[in-house]
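Enquirer: 3D, please:
(one chain, ligands or ions: 1)
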Amino acid sequence: MNILVTGAHGQLGNEMVRVSDKSKDHYVFTDINELDITNRDVLHTFVNKEQIDIIVNCAAYTNVDKAEEDERTANLVNNVAVGYLAEGAKSVGATLIHVSTDYVFNGKNNVPYTEYDMTEPIGVYGETKLAGEKAIVASGCNYIILRTAWLYSVWGNNFLKTMLKLTKERESLNVVFDQIGTPTYAGDLADAIGWIIDHRMIEKKDIYHFTNEGVCSWYDFAVAIGKLGENMCNIRPIHSHEYSSKVKRPHYSVLDKVKFRETFGYQIPYWTESLERCINQLKAKKYEV
Ligand SMILES: NC(=O)c1ccc[n+]([C@@H]2O[C@H](COP(=O)([O-])OP(=O)(O)OC[C@H]3O[C@@H](n4cnc5c(N)ncnc54)[C@H](OP(=O)(O)O)[C@@H]3O)[C@@H](O)[C@H]2O)c1
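Expert: Here you go, the predicted model:
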C-alpha cells in the first residue's frame, strides 16, 4: 500500500518515520514545503499521481494561543484543508487517518469523555479541529479519526522539553493542578497508527479516542518530569486563575479509550512508563535533560 504522511516534520509525523522503518508498505513523507495541504489542486494531483491508499494527516495548526488571534489560518489548516484531504481520499478510494483533539470538549465533565459525548469547544483551536472532523464525516470518505491529548515527544517544542529546561534552571516553579488530562507520547500514538495499518484495520470507519493510560494534572506531569530528569526544583501547584493566559483550556479532558482498545485489540501504555521511555530517548540523543 502507498501511504502519504502529511505534516511529517511535526511531533507525530517524525514518529511515523520511525514506524515506517518496520513496515512493508511504501510511505511518502511530506510537510508544507513538499505538500501544502491548503492547496487543493496540488493535493488532489499528488494523491492521484502517487496512487495513495492511506493518508495519515499529521499536519495541523497546533498553536492554541496563536489560533485565538489568527483564526483564519487555523481554520484553513485544521478545517478547510482537512476537507480537501477527505475529498482527495474519497476521489481515489483511500482511507484518511486523521488526528484530532480533546479540545473539542468543554472540559466540564468529571468522568472520561467517550466518543459519544457532546462536543463543545471553548476556543478557536478546538472549534477549527471540530470543524475538520465534521468535514471528514460529511465527505463520505473512509476515515479513522483519532482524538488525542497533551502530546509530547523528543521533537519540536512541547511541555516535556519546557519542563526539563525549567526544572533544571530554576529553584522553584508554579504549575496548574486544576487541569486534568493524560499526557500522550507521540511515539505511542504513531505505533498505534502503525498497528491499524499493518493489521489492515483501516475499514473500521469511526471516531476513536487515543491517549496514554492514566490521569494526572499538569502539576503531576511536571513533578514526574522533574524527577525523571533528576532536577532539583520545587514545583508548586497553583490554580489556573493564578496563571495568566488569554486562552481558555478545558479543566477536565480525560478521554475514554475503551472503544479504541476493543476495536483494535490494542494495549495502550501507562503515561509514566511512556514518559520514562521518551526521556531515555532524549538522553540517548544527547539532548540536555
Ligand atoms: N500537540 C498536542 O499537544 C496535541 C494535542 C491534541 C491533539 N493534537 C493533534 O495531533 C496532531 C499532531 O500534532 P503535533 O503535535 O505532531 O503537531 P506539530 O508538531 O505542530 O506538527 C504539525 C506539522 O504540520 C505542519 N503544517 C502546518 N501547516 C501545514 C500545511 N498547510 N501543509 C502541510 N503541513 C503543515 C507543521 O509545519 P510548521 O511547524 O512549519 O507549522 C508541522 O510540521 C495534530 O492534528 C494536532 O492537532 C496535538
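
Enquirer: which bits of this structure sit near the ligand?
Expert: 6-7, 9-13, 31-32, 36-38, 58-60, 62, 77, 81, 99, 101, 129, 148-151, 156, 186 (Cβ under 6 Å from any ligand atom). Every residue, glycine included, has its C-beta placed from N, CA and C.

Enquirer: how about 5 Å then?
Expert: 7, 9-12, 31-32, 36-38, 59-60, 62, 77, 99, 101, 148, 151, 156 (Cβ under 5 Å from any ligand atom).

Enquirer: Tell me which residues touch T182, please.
Expert: 149-150, 211-216, 254-255, 271 (Cβ atoms under 8 Å, 6 or more residues apart in numbering).

Enquirer: Take the residues of the chain next to the ligand and keep only those in strands.
Expert: 99, 101, 148, 151 (DSSP state E).

Enquirer: By neighbour count, which of these wins?
Expert: Highest neighbour count within those, by other Cβ atoms under 10 Å: T101, with 27 neighbours.

Enquirer: What subset of the residues of the chain next to the ligand is buried?
Expert: Buried members of these, counted by 16 or more other Cβ atoms under 10 Å: 7, 9-12, 31, 36-37, 59-60, 62, 77, 99, 101, 148, 151.

Enquirer: What residue in the protein comes nearest to the ligand?
Expert: Nearest residue of the chain to the ligand: G10, at 1.9 Å (Cβ to the nearest ligand atom).

Enquirer: Am I right that that residue is in contact with V56?
Expert: No - applying Cβ atoms under 8 Å as the test, G10 and V56 come out as separate, 11.6 Å apart.

Enquirer: Poorly predicted segments of this structure, please.
Expert: Applying pLDDT under 70 to the chain flags residues 286-289.

Enquirer: Break down it into its helices, ranges please.
Expert: 11-21, 40-49, 64-69, 71-75, 81-92, 124-139, 159-169, 186-198, 218-228, 258-264, 271-284 (DSSP state H).

Enquirer: Which other helices and strands does the fifth one contact?
Expert: Right, helix 81-92. helix 40-49, strand 54-57, strand 95-101, helix 124-139, strand 142-148 (3 or more Cβ pairs under 8 Å, 6 or more residues apart in numbering; DSSP states H and E).

Enquirer: Convert the C-alpha atoms of the last one to CSV, please.
Expert: Output in CSV follows, covering the C-alpha atoms of strand 142-148 (Å, rounded to 0.1, in the frame of the first residue of the first chain):
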residue,chain,number,x,y,z
ASN,A,142,-13.4,6.1,4.5
TYR,A,143,-11.9,7.6,7.7
ILE,A,144,-10.4,6.9,11.1
ILE,A,145,-10.4,9.9,13.4
LEU,A,146,-8.2,9.6,16.5
ARG,A,147,-8.7,12.2,19.1
THR,A,148,-5.6,12.6,21.3
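
Enquirer: buried residues in it?
Expert: Judged by neighbour count (16+ other Cβ under 10 Å), strand 142-148 contains these buried residues: 142-148.

Enquirer: so how far is it off the chain centroid?
Expert: Remark: strand 142-148 is offset 11 Å from the chain centroid, using Cα atoms, centre = their mean, to the nearest Å.

Enquirer: ok, now the second one?
Expert: On the basis of Cα atoms, centre = their mean, strand 54-57 is displaced by 14 Å from the centre of the chain it belongs to.

Enquirer: For that strand, which strands pair with it and how are they oriented?
Expert: Applying DSSP bridges, strand 54-57 is found paired with strand 2-6 (parallel), strand 95-101 (parallel).

Enquirer: which of the buried ones among the residues of the chain next to the ligand sit farthest apart?
Expert: Greatest spatial distance in these: D36 and T148, 23.4 Å, computed using Cβ to Cβ.

Enquirer: Look up how far F159 lies from the residue sitting furthest away from the middle of the chain.
Expert: Of all residues in the chain, E171 has its C-alpha farthest from the mean position, at 31.2 Å, by Cα atoms, centre = their mean. Remark: distance between E171 and F159 (Cβ to Cβ, to the nearest Å) = 20 Å.
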